[in-house]
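Asker: Sharing a sequence plus its predicted fold:
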Amino acid sequence: MGNCWVSGCKTESPSDGIFSSSSGGESRRGSRKGNVLSGSSSRVSSSSVPPTPRSEGEILSSSNLKSFTFNELRIATRNFRPDSVLGEGGFGSVFKGWIDEHTLLAARPGTGMVIAVKKLNQEGFQGHREWLAEVNYLGQLSHPNLVKLVGYCLEDEQRLLVYEFMSRGSLENHLFRRSSYYQPLSWSLRMKVALGAAKGLAFLHSEKAKVIYRDFKTSNVLLDSSYDAKLSDFGLAKDGPTGDKSHVSTRVMGTYGYAAPEYLATGHLTAKSDVYGFGVVLLEMLTGRRAIDKNRPTGEHSLVEWAKPYLTSKRRIIGILDSRLGGQYSLAGAQKIAALAGQCLSMDAKCRPTMDQLVVALEQLQDAKDVDRNPKTQQRLSSQRMGSGGISRISRRRSVEEVGNHKVN
């Protein structure tokens, strides 16, 4: 730890940061004329999704997925009853259902295997190409930190996807929804989720998969009963560059606040684009703030722009940490995560770590004693906030409405 992986990168991180190079400059938002980039509450038009390299017949015939009939899924979800709805988004609605774990036939509610059935809204923004992209990637790839796709339904105009049920819902809900069901995530659980999500992205970037996820955000990180993180929604995923190519040229798509600046400016997509999005999510977990929140005061709408000046100061980092943590974290651990986030958010993509490097760093933090609960943190937190009206104002939480698509949860 501490060795720069690319020479010439400017170092701005705290002296005890995990890596020695970090970001310089401010993040930018926006898109080139003609590009398609969704807000956190909307998705792109299905007509914009680049075609998959393989034909539909090849994808469906080569996947190890069950082809369900529409009637089988209708029975499994109790005729898509309203009280079975788990969430809704640009794709349509997601329903809870039950199937026999051996035969995969519809089972009585409360028996067999619980599933989540995503049903395409035929008049929605997302369409057949994104549906096919999900089947393409999740039909070929298997990893503990990718959500499991059980099967699909393609019958007349009906398009459905059948996933394993993720009982804890999305990371987005746990960070931002205020309800008795979604309790604030502890520091140790946040670090567990960060590591699991990092492993999922690292697998996608590996030689085996060579996939760029392109839409990494809190609503696409789902949690099982043990808070193990799994990536979902592969509708915007792309095959990575091949041969001597350094990037994939594509129309800019994704979600505001998470897209890397060089991707916004040029349409050049690389694995480092995902690393930038990972840095944004690390910031969300640190601060309890959304990537884009226009309910915040002027100057605080963009989380990256607002938080970056605080990431390189050991003294000021306390002022932006999520108050819902209640001081139950190690200040040294928080400083190291802030340093990691800053490095992921470097304006120079070459200066960002790889996901493999991030996995190693997060594993070391999990094993380190200084990321466990520190009884002195609460006292130090209180004294610094009492002594600085500015920091106190920064750390106040404001109630905001939840935005963004509900995923399979």
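Answerer: All right, it came through fine.

Asker: Same question for whichever helix or strand residue 60 is part of: list its buried residues.
Answerer: Secondary structure assignment for residue 60, by DSSP states H and E: helix 56-62. Residues of helix 56-62 classed as buried: 59-60 (neighbour count, 16 or more other C-beta atoms under 10 Å). Using the backbone N, CA and C atoms, a C-beta is placed for each residue, glycine as well.

Asker: mind listing what the next helix or strand after it pairs with, with the direction of each?
Answerer: Counting by DSSP H and E, the element after helix 56-62 in chain order, helix or strand, is strand 66-67. Sheet pairing of strand 66-67 (DSSP bridges) gives strand 149-155 (parallel).

Asker: any idea of the mean pLDDT for the partner strand?
Answerer: Taken as a whole, strand 149-155 has a mean pLDDT of 94.

Asker: Can you name the element that comes right after it?
Answerer: strand 158-164.

Asker: Strand 149-155 and that next one, what's the angle between them?
Answerer: Between strand 158-164 and strand 149-155, the angle comes out at 170 degrees (axes from the mean of the first three to the mean of the last three C-alpha atoms, to 10 degrees).

Asker: other SSEs contacting strand 158-164?
Answerer: When contacts are defined as 3 or more C-beta pairs under 8 Å, 6 or more residues apart in numbering; DSSP states H and E, strand 158-164 sits against helix 70-76, strand 113-120, helix 128-138, strand 149-155.

Asker: so can I have a markdown table of these showing distance to residue 299?
Answerer: Formatted as a markdown table, those follow (distance: least, C-beta to C-beta, whole Å):
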| stretch | distance to residue 299 |
| --- | --- |
| helix 70-76 | 48 |
| strand 113-120 | 38 |
| helix 128-138 | 35 |
| strand 149-155 | 42 |
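
Asker: Out of those, which is closest to residue 347?
Answerer: Residue 347 sits nearest to helix 128-138 of all these, at 29.3 Å, using C-beta to C-beta.

Asker: tell me which strands and helices the closest one is in contact with?
Answerer: helix 56-62, strand 149-155, strand 158-164.

Asker: Pairing-wise in the sheet, spell out the partners of the nearest residue to residue 85 once chain neighbours are set aside.
Answerer: The spatial neighbour of residue 85 that comes closest, neighbours along the chain excluded (C-beta to C-beta, 6 or more residues apart in numbering), is residue 93 at 5.5 Å. When assigned by DSSP bridges, residue 93 has beta-bridge partners residue 88, residue 119.

Asker: ok so, going back, which secondary structure elements does the helix holding residue 60 contact?
Answerer: Checking 3+ C-beta pairs under 8 Å, 6+ apart, helix 56-62 ends up next to helix 128-138.

Asker: Would you mind listing the buried residues in the helix it packs on?
Answerer: For helix 128-138, by 16+ other C-beta under 10 Å, it's 129-138.

Asker: Same question for stretch 246-257.
Answerer: 247-248, 250-257.

Asker: same thing with stretch 189-208?
Answerer: Here stretch 189-208 shows 189-205 as buried, counting by 16+ other C-beta under 10 Å.

Asker: ok, which stretches of the stretch 301-409 of the chain are helices?
Answerer: Per DSSP state H, counting those that start in this stretch, the stretch 301-409 of the chain carries helices over the ranges 303-311, 331-344, 355-367, 375-386, 389-395.

Asker: hmm, back to that, next up, the contacts around the residue nearest to residue 85.
Answerer: Each residue near residue 93 by C-beta atoms under 8 Å, 6 or more residues apart in numbering is listed here: 80, 85, 87, 118-119, 121.

Asker: biggest separation within those, which pair?
Answerer: Largest separation among the contacts of residue 93 by C-beta to C-beta: 80 and 87, giving 13.6 Å.

Asker: Which of these two has more residues huddled nearby?
Answerer: A side-by-side neighbour count of residue 80 and residue 87, using other C-beta atoms under 10 Å, places residue 87 first with 19 against 16.
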